[in-house]
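Asker: what shape does this take:
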Amino acid sequence: LMSTEQAAASGDLTEDQPVARSPAEEGEPQLNAGAPEGSAASADPAASEARRARKGAGPPPAKKDGGQAVPNREAFQRMNFLLQAARTALASPSPQIALCRFYITEMRTIARRLVLRLDPDIKRCICRACNVLLVPGITCTVRTEGRRGLQVVIRCRACQARRTIPCRPGYTLWTERKAE
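Answerer: Okay, here's the model as predicted:
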């Protein structure tokens, strides 16, 4: 038997001739739409499921400069999206602090659950007490003090938590140090 598309293309379609309808023509869901008719994938759905399980689902992992795969790529992408969404929520004319707090809490929950390190620059712009993104003039105040050397003091306006960052001359973060 031919499908209606094959019969119409060859010109062999007559009214009294039986025609097999494809699952798409009958409105049924297709399991193996891309498989050729004679292949094992179209005949045995269990085999195609096993093949899919062996291959792994989703796109291949991204590569770093060294050629190694980045583990938890999807989690880092999600965390990056949540950080950008939190910044956007605060950048609007009327800052939405509760929405920002929700996005940052979700981002930190993902990092904690998968045991992922946040960059120190990102950690410094988040209030540890209330999970609000610290933006000078909107959600925090920034001052410099001279006690015990020069320090930057950041005070959260939402919860009044205080954070002190020392400013030592010649100091570099561990992420900015060159590999030796």
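Asker: what's the single longest helix in this structure?
Answerer: helix 73-91 (DSSP state H).
Asker: could you list the buried residues of that one?
Answerer: 76, 79, 82-83, 85-86, 89-90 (16 or more other Cβ atoms under 10 Å). From N, CA and C alone the C-beta is placed, and that goes for glycine too.
Asker: try stretch 108-128
Answerer: Of all the residues in stretch 108-128, those buried under the rule 16+ other Cβ under 10 Å are 108, 110-111, 122, 125-127.
Asker: just the CA atoms of it, as CSV, please.
Answerer: Once non-C-alpha atoms are left out, stretch 108-128 reads as follows in CSV (Å, rounded to 0.1, in the frame of the first residue of the first chain):
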residue,chain,number,x,y,z
ARG,A,108,22.0,30.7,45.2
THR,A,109,19.8,27.6,45.7
ILE,A,110,21.0,26.2,42.4
ALA,A,111,24.6,26.8,43.3
ARG,A,112,24.2,25.3,46.7
ARG,A,113,22.3,22.2,45.4
LEU,A,114,24.9,21.4,42.7
VAL,A,115,27.9,22.6,44.8
LEU,A,116,29.0,25.2,42.3
ARG,A,117,31.3,28.1,43.1
LEU,A,118,30.1,31.6,42.5
ASP,A,119,32.6,34.1,41.3
PRO,A,120,33.8,36.5,44.1
ASP,A,121,32.6,39.5,42.1
ILE,A,122,29.1,38.0,42.1
LYS,A,123,29.3,37.2,45.8
ARG,A,124,30.3,40.7,46.6
CYS,A,125,27.3,42.2,44.9
ILE,A,126,24.8,40.1,46.8
CYS,A,127,23.7,40.7,50.4
ARG,A,128,24.4,37.6,52.5
